[in-house]
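Colleague: following is a predicted model, sequence given first.
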Amino acid sequence: MYSIKDFRFKKPTINYHCPFPSGKKKNVSIKKTRRYHRNRREIPKIVRSRIDDHEIVYGARALNKRFPHWLDKPTIDYDIYSPHPKCDARETERALDRKFGGDYFFVQPACHPGTYRVRSHVDGEVYADYTKPEERIPFDTIDGVKYVRLGFVKRKTRDTLKDPDSSYRHDYDRDVLNRIRLYEKMKKKGRR
């Protein structure tokens, strides 16, 4: 049946996929939770307003900016390349805390070295990922914000699909490539 080893206390490990750094949620009052959920719609506007000239948006937000609405993929967070990700993440976190009037957000290092996340204390949701680029990133400027080029996204996605270690991403990456192909096909025909 059971042995005594099954019931021994195990030392907790740091789980980077856990929404909270210690594995425990910070105690948040009802008043704070109410204020957070009332102002939650403002978070993307604040994050976008903190994007500087040296930062490049990538990921689902960059694709959604180019694609027609019926090809969009719903997303909550911004993925941003930055030469100094920790400083920019702290800057965004402070701007969000200022808007909400308290300590509602925090910066946490992610699994990938050189990446920092801006997370909410209330629900653990990630609203911005700042990553230091490993290479030069080609970009296009749309509405005053730099977005990664589609050719770069296609090349990176194909590289990920060739990598057997990242098999957990393959379905998502195939979907990204198919949506890019649809968009390029439509663009050739002159429709949007």
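Modeller: Yep, it's here.

Colleague: got the domain boundaries for this protein?
Modeller: When the chain is parsed with automatic domain parsing, its domains come out as 43-137, 149-192.

Colleague: tabulate these (CSV), appending distance to residue 33.
Modeller: Just so you know, the C-beta spots here come from the backbone N, C-alpha and C atoms, and that holds for glycine as well. What follows is the domains of the chain, written out as CSV (distance: least, C-beta to C-beta, whole Å):
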stretch, distance to residue 33
domain 43-137, 6
domain 149-192, 31
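
Colleague: just name the most buried of those.
Modeller: domain 43-137 (a mean of 17; mean count of other C-beta atoms under 10 Å).

Colleague: average pLDDT across that one?
Modeller: Along domain 43-137, the predicted local confidence has a mean pLDDT of 94.

Colleague: and that domain, how far from the chain's centre?
Modeller: Distance, stretch centre to chain centre, for domain 43-137: 6 Å (C-alpha atoms, centre = their mean, to the nearest Å).

Colleague: so which elements touch the helix or strand harbouring residue 80?
Modeller: Using DSSP states H and E, residue 80 falls within strand 78-81. With contacts taken as 3 or more C-beta pairs under 8 Å, 6 or more residues apart in numbering; DSSP states H and E, strand 78-81 sits against helix 43-49, strand 56-58, helix 60-66, strand 126-131.

Colleague: now those as JSON lines including distance to residue 110?
Modeller: Output for the helices and strands packed on strand 78-81, formatted as JSON lines (distance: least, C-beta to C-beta, whole Å):
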{"stretch": "helix 43-49", "distance to residue 110": "16"}
{"stretch": "strand 56-58", "distance to residue 110": "15"}
{"stretch": "helix 60-66", "distance to residue 110": "16"}
{"stretch": "strand 126-131", "distance to residue 110": "7"}
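
Colleague: mind checking which of the ones you listed is nearest residue 74?
Modeller: Minimum separation from residue 74 across the helices and strands packed on strand 78-81 (C-beta to C-beta) falls at helix 60-66, 8.1 Å.

Colleague: what's in contact with that closest one?
Modeller: The list of residues contacting helix 60-66 from outside it, by C-beta atoms under 8 Å, 6 or more residues apart in numbering, reads 57, 72-73, 75, 78-79, 142, 147-148, 150, 153, 176, 179-180, 183.

Colleague: repeat that for stretch 160-173.
Modeller: Contacts with stretch 160-173, where a contact means C-beta under 8 Å, 6+ apart, come from 157, 174, 177.

Colleague: restricted to helices, list the residues you listed.
Modeller: Cross-referencing these with the helices (criterion: DSSP state H) gives 157, 174, 177 as the overlap.

Colleague: so how far is residue 97 from the second one?
Modeller: Between residue 174 and residue 97 the computed distance is 39 Å (C-beta to C-beta, to the nearest Å).

Colleague: and for the last one?
Modeller: Residue 177 is 38 Å from residue 97, where distance means C-beta to C-beta.

Colleague: circling back: residue 91: which of the contacts of helix 60-66 is nearest?
Modeller: Of all the contacts of helix 60-66, the one sitting nearest residue 91 is residue 78; the distance, using C-beta to C-beta, is 13.3 Å.
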